[in-house]
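> My questions are about this predicted structure, shown below with the sequence.
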Amino acid sequence: MKKNGFLYKTGILWMCLFGFTAVYAQIEQMEYFVDNDPGWGNATQLSISPADAIDTDVTLDFSDLTAGLHFLGIRAKTPDGWGITRVKDFYYLNVAADRQITDIEYFIDADPGGGNGIAVSITPDTLIQGVFDISLPNVPAGFHNFCIRARTENGDWGILRINKFFYLKTSASNQITNIEYFVDNDPGQGNGNAVSISPDTLIQGTYDISFPDLSTGFHNFAIRAKTLNGDWGMPRFNKFFYLKTSASNKITNVEYFLDEDPGAGSGTAIPVTPDTLIDANISVDFSALESGLHCFGIRSKTENGDWGPLRTNRFFLYRSSGTDLISGVEYYIDEDPGAGFATAIPVATADSVEAAIDIDVSLLEPGYHTLGIRSQIDGGNWGPTTTQLFYKDDTYTSLIDVKSEDEMILIVYPNPATDYINVKALNVNGNATLEICDNAGKILLTEKYILSNTMLEKLNLSSFQSGNYIIRLQTEKHVKTINVLKK
């Protein structure tokens, strides 16, 4: 039998068929579709001669495809009916250059650097147009970026072309007949956004899922499947950060970090195609974080080399699990209105919940506050309340988590800075040393203070070169550091 797969050819796809074999009856009909399954008998028919086994090369016309990720579905019919649909992911490429294109490579999510991606076999030309097989052997279910680039004969790599996709892999003992998804709010089984699939016990492939109306921030993507017997399975959740940002110059780099700012240029890179408008779904790994208040920081750099302001989202990571199903989660700030009367967090009923909760503190007064959060068991009983103390400053837009009201607090703003920074500290007493260090730890500036509870200093940075710096405040009992970008 011939090997499953694709052969590269300009403008069309030559496919070695998967090798269909009928056990009890001849194969009398075959058909295929691209991306959207029109239903059994309604796809594009293949010309075959009835036989017990079909193993032949066929030419499929893909000349009208747009460049990007796609999937091919193909199936066979015997007198007993249609068999399962076999699906294969592929990428349709259409790229041109002034010079001959000599190399093309792709990668998923993390950029290994030019020349280190997965190579695509091509014949050098100024126009590369065709279809090639892609390999996704170890990609986990969730949101991903498919990134592809070309190199010309002078050795220059071109810009990345990026396709956002959702990789789905789910199986069941009965045939899966329906798949649907929703974001944040569960509309009820059968009322989500339908995903086009071919019924099978295993559904696996890439899907183009976009969110044109979402606000920038954390969201919960949920997907579930329905089997032939009519039962809907539990939803599977993927937390992601939706980013939509624009600039007058092209944005060339985007990066994020969790909690500790490593400095501009040292965060976790997000592959982007340079543009004045960036629209991205960012899967964030929370597995190393403990439940509690955290900071998600994200920033972008334009083609002139300038990093823009740091955008931060303070979120509360909440986890709850048990033997019973969890049907609801709610939170309050400061005053507990009673179980069932706090602000609801939409969740789908499941035996475990992990939620990144954006907290609206815009109307809170500066000072210390308490966040309370709890979950409801499907039977109606509410579990214990988890609490988190935090501080909101009158000169700082984000939140600072604290363990007690006597813990030292360090605040530095603006960040990024130009000519100066303000350094503010609370709960500091006695001798204190303020230092500005470079990334290598070399001390560039030292100031000594004797403090009584508070500190507010304005430091001149006009003589400092552009780059990342560490602000460190040390007392006899505590040390706090914050990274600052000098533009």
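Okay, I see it. The model shown is predicted, which means the values in this text are computed figures rather than measured ones.
> I'd say residue 276 and residue 248 touch.
Yes. Using CB atoms under 8 Å, residue 276 is in contact with residue 248, at 6.9 Å. Where C-beta positions appear, they are placed from N, C-alpha and C, glycine not excepted.
> mind checking how far the residue nearest to residue 66 when sequence neighbours are not counted is from residue 111?
Setting aside the residues directly before and after it, residue 66 is nearest to residue 92 in space (CB to CB, 6 or more residues apart in numbering), at 7.1 Å. If you measure residue 92 against residue 111 using CB to CB, to the nearest Å, the figure is 22 Å.
> cool, and residue 130?
The value you get for residue 130 to residue 111, if CB to CB is used, is 24 Å.
> Show me which of the two is the more surrounded one.
A direct count of neighbours by other CB atoms under 10 Å for residue 130 and residue 111 places residue 130 higher, at 21 against 16.
> thinking again about what came up before, tell me what the residue nearest to residue 66 is bridged to.
On the basis of DSSP bridges, residue 92 is bridged to residue 68, residue 131.
> Can you get me a residue count around it?
19.
> check contacts around the nearest residue to residue 161 once chain neighbours are set aside.
Spatial nearest neighbour of residue 161, excluding adjacent residues (CB to CB, 6+ apart): residue 148 at 5.1 Å. For residue 148, the contact set (CB atoms under 8 Å, 6 or more residues apart in numbering) comprises 91, 93, 104, 105, 106, 120, 160, 161.
> Pull the residues that contact the helix or strand encompassing residue 445.
When secondary structure is defined by DSSP states H and E, residue 445 falls within strand 443-460. Residues outside strand 443-460 that contact it (CB under 8 Å, 6+ apart): 419-438, 464, 469, 473, 475.
> For residue 246, see how far away the closest residue to residue 377 other than its chain neighbours is.
Spatial nearest neighbour of residue 377, excluding adjacent residues (CB to CB, 6+ apart): residue 324 at 4.7 Å. Per CB to CB, residue 324 is found 46 Å from residue 246.
> Which phi and psi values does residue 188 adopt?
phi 100, psi 150 (degrees, to the nearest 10).
> Distance check, it against residue 221.
17 Å.
> So which of the two has more stuff around it?
Taking neighbours as other CB under 10 Å, residue 188 and residue 221 compare with residue 221 leading, 22 against 9.
> isn't that one right up against residue 242?
No. Using CB under 8 Å, residue 221 is not in contact with residue 242; the gap is 9.6 Å.
> which strands and helices sit next to the helix or strand that contains residue 71?
Counting by DSSP H and E, the element that carries residue 71 is strand 68-78. Secondary-structure packing of strand 68-78 (3 or more CB pairs under 8 Å, 6 or more residues apart in numbering; DSSP states H and E): strand 12-16, strand 29-34, strand 86-108, strand 161-183, strand 200-207.
> out of these, which comes closest to residue 230?
Among the helices and strands packed on strand 68-78, the nearest to residue 230 by CB to CB is strand 161-183 (8.7 Å).
> The helix or strand just after the closest one - which strands sit beside it in the sheet, and in what orientation?
Next along the chain after strand 161-183, taking DSSP H and E as the criterion, comes strand 193-195. Strand 193-195 pairs in its sheet with strand 161-183 (antiparallel), by DSSP bridges.
> pLDDT of the strand it pairs with, averaged?
For strand 161-183, the mean pLDDT works out to 85.
> Measure how that strand sits relative to strand 68-78, angle-wise.
Per axes from the mean of the first three to the mean of the last three CA atoms, to 10 degrees, the angle that strand 161-183 makes with strand 68-78 is 60 degrees.
> Would you mark the buried spots in strand 161-183?
Neighbour-count burial for strand 161-183 flags 161-168, 170, 172, 175-183 (criterion: 16 or more other CB atoms under 10 Å).
> Show me the contact partners of the helix or strand just after the strand holding residue 445.
Sequence order places strand 467-475 as the next helix or strand after strand 443-460, per DSSP H and E. With CB under 8 Å, 6+ apart as the test, strand 467-475 has contacts from 263-266, 408, 410, 412, 421, 423, 425, 428-439, 441, 444, 451, 455, 479-486.
> One more: stretch 357-374?
217-218, 293, 313-318, 329-334, 336, 339, 342, 345, 382-394, 399, 402, 405.
> Tell me which of those residues fall in strands.
Of the contacts of stretch 357-374, the ones assigned to strands by DSSP state E are 217-218, 293, 313-318, 329-333, 345, 386-392, 399.
> Generate a PyMOL selection restricted to the buried subset of the residues you listed.
Selection of buried members from the ones in strands among the contacts of stretch 357-374 for PyMOL, criterion 16+ other CB under 10 Å:
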select buried, resi 218+293+313+314+315+316+317+318+329+330+331+332+333+345+386+388+389+390+391+392+399
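> ok, for residue 165, nearest residue in space, not its chain neighbours?
That would be residue 206: by CB to CB, 6+ apart, it lies 4.5 Å from residue 165.
> Quick check: that neighbour touching residue 136?
Yes. Residue 206 is within contact range of residue 136, at 7.2 Å (criterion: CB under 8 Å).
> More neighbours: which of the two?
More crowded of residue 206 and residue 136, by other CB under 10 Å: residue 206, with 23 against 15.
> Next up, the contacts around the more buried one.
69, 71, 89, 136, 146, 165, 166, 167, 168.
> Distance-wise, check the last one relative to residue 425.
Taken as CB to CB, the spacing of residue 168 relative to residue 425 amounts to 49 Å.
> Number of residues surrounding residue 404?
Per other CB under 10 Å, the neighbour tally for residue 404 reads 8.
> ugh, wrong one, I meant residue 360
Residue 360 - counted by other CB under 10 Å - has 8 other residues nearby.
> what are the phi and psi angles of it?
With angles defined as degrees, to the nearest 10, residue 360 sits at phi -80, psi 110.
> With residue 199 instead?
Residue torsions, per degrees, to the nearest 10, at residue 199 are phi -50, psi 130.
> Hmm, it is touching residue 228, no?
Yes. Using CB under 8 Å, residue 199 makes contact with residue 228 at a distance of 7.3 Å.
> any idea how far the closest residue to residue 94 other than its chain neighbours lies from residue 333?
Setting aside the residues directly before and after it, residue 94 is nearest to residue 67 in space (CB to CB, 6+ apart), at 4.4 Å. Residue 67 sits 48 Å away from residue 333, going by CB to CB.
> Which helix or strand in this structure has the lowest average pLDDT?
Comparing every helix and strand of the chain by mean pLDDT, DSSP states H and E singles out strand 5-7 as the least confident one, with a mean of 36.
> Can you list the low-confidence ranges for the stretch 201-350 of the chain?
For the stretch 201-350 of the chain, the stretches flagged by pLDDT under 70 are 322, 346, 348-350.
> mean confidence for the strand holding residue 445?
Mean pLDDT, computed over strand 443-460, is 88.
> Next: stretch 364-371.
Here the average pLDDT along stretch 364-371 is 87.
> List the buried residues of that stretch.
For stretch 364-371, using 16+ other CB under 10 Å, the buried residues are 369, 371.
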